[in-house]
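Engineer: predicted model, plus sequence, below.
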Amino acid sequence: MGTFGKRLADAVSARGPLCPGIDPHPELLRAWGLSVDADGLAAFSDICVSAFAGFAIVKPQVAFFEAFGSAGFAVLERTIAALRGHGVLVLADAKRGDIGSTMAAYAAAWAGDSPLAADAVTASPYLGFGSLQPLLDTAATHDRGVFVLAATSNPEGAGVQRAMVGARTVAQSIVDSVAAVNRAAVDRSGEPTGSVGVVVGATVSEPPDLSALDGPVLVPGVGAQGGRTDALGAFGGAGVVLPAVSREVLRQGPAVADLRGAAERLRDEVAYLA
């Protein structure tokens, strides 16, 4: 199957770097004329799968599925399988983070052999980067990826992420820890890039230094959250850069053609910037 880093690089080369999101927010369900229940969730997801079938990677926001309990998780499982059936890589935006056996259980769910396991998953390192080791190990064993939160665009994050640890910010220490994981993996596999990435918001005014990352960068916040596509040049040299967009495209629904067209226009816009 190849490492996630290699699969991602190949997919982006063929299909472009934009990462559309599937965020079935209740307000969007209503705006699309769908019921705010598992049936509406399923219809919303099916439309998104049809619209985004030609993209390299798609990011379902797990929270909006989880809100509907077991029925929501069943829809998410089906959505992951449908996207992968179209050759689309799936990034589960679950932001899991815990310690010990609990982290190992999250790893089995999202990066192991579970029906929920995606090609990659987002994770929070703010119980200490070492707490992610079970997830990193499980993902590596199954050739999956992990995107670690580093510098997020929410104002509450700055107090932690921009705090100094010696001569570095906390966010920079996370990036450097990911870079060390990737260097070791690249040395073992011989692949040109690692499979562990970081998340850096498009609205972050002073992003950490990504030049030694040797892995992908997920850049959420383009569009509705205020991130501009012309700011993506700041992430150049970091490897594969994935501008992520959700509401900017989803508010064009529910017609499949309108969703696809909006996503394709953004993909073309960011293709030479990312």
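Structural biologist: It's in.
Engineer: what about Asp137, how many neighbours?
Structural biologist: Asp137 is flanked by 13 other residues according to other CB atoms under 10 Å. In short, each C-beta sits where N, CA and C put it, glycine included.
Engineer: swap in Ala163?
Structural biologist: 12.
Engineer: what residues are up against it?
Structural biologist: 169-170 (CB atoms under 8 Å, 6 or more residues apart in numbering).
Engineer: could you rerun that using 10 Å?
Structural biologist: Taking CB atoms under 10 Å, 6 or more residues apart in numbering, we find Ala163 in contact with 169-171, 173.
Engineer: who wins for most neighbours among the residues you listed?
Structural biologist: Ala171 (26 neighbours).
Engineer: does it touch Arg162 like I think?
Structural biologist: Yes - look at Ala171 against Arg162 with CB atoms under 10 Å: they come within range, at 6.7 Å.
Engineer: any common contacting residues for these two?
Structural biologist: Common neighbours of Ala171 and Arg162 (CB under 10 Å, 6+ apart) are 151, 204, 206, 208.
Engineer: take those and write them to TSV, including neighbour count.
Structural biologist: Formatted as TSV, the shared contacts of Ala171 and Arg162 follow (neighbours: other CB atoms under 10 Å):
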residue	neighbour count
Ala151	25
Val204	22
Glu206	9
Pro208	23
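Engineer: how about a markdown table for those residues, with distance to Ala109 added?
Structural biologist: Converted to a markdown table, the shared contacts of Ala171 and Arg162 look like this (distance: CB to CB, whole Å):
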| residue | distance to Ala109 |
| --- | --- |
| Ala151 | 26 |
| Val204 | 29 |
| Glu206 | 35 |
| Pro208 | 29 |
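Engineer: just the residues you listed now: which is nearest Ser101?
Structural biologist: Taking CB to CB as the measure, Ser101 sits nearest to Ala151 out of those, at 29.4 Å.
Engineer: show me what the closest one bridges to in the sheet.
Structural biologist: Val200 (DSSP bridges).
Engineer: quick one, what contacts it?
Structural biologist: 157-158, 161-162, 169-172, 174-175, 198-201, 203-208, 210.
Engineer: buried ones among those residues?
Structural biologist: Buried by 16 or more other CB atoms under 10 Å: 157-158, 161, 169-172, 174-175, 198-201, 203-204, 207-208, 210, out of the contacts of Ala151.
Engineer: before we move on, back to that, out of the contacts of Ala151, which are inside helices?
Structural biologist: 158, 161, 170-172, 174-175 (DSSP state H).
Engineer: quick one: which of these has the lowest pLDDT value?
Structural biologist: pLDDT across the ones in helices among the contacts of Ala151 is lowest for Ala158, at 83.
Engineer: give me every residue that touches the residue lying farthest from the centre of the chain.
Structural biologist: Distance from the centre of the chain peaks at Gly166, with 29.5 Å (CA atoms, centre = their mean). Residues counted as contacts of Gly166 (CB under 10 Å, 6+ apart) are Ser173.
Engineer: wait, which of the shared contacts of Ala171 and Arg162 is closest to Glu27?
Structural biologist: Using CB to CB, the shared contacts of Ala171 and Arg162 come closest to Glu27 at Val204, 26.1 Å.
Engineer: would you confirm that that closest one contacts Gly157?
Structural biologist: Yes - here Val204 reaches Gly157: they are 9.2 Å apart, a contact under CB under 10 Å.
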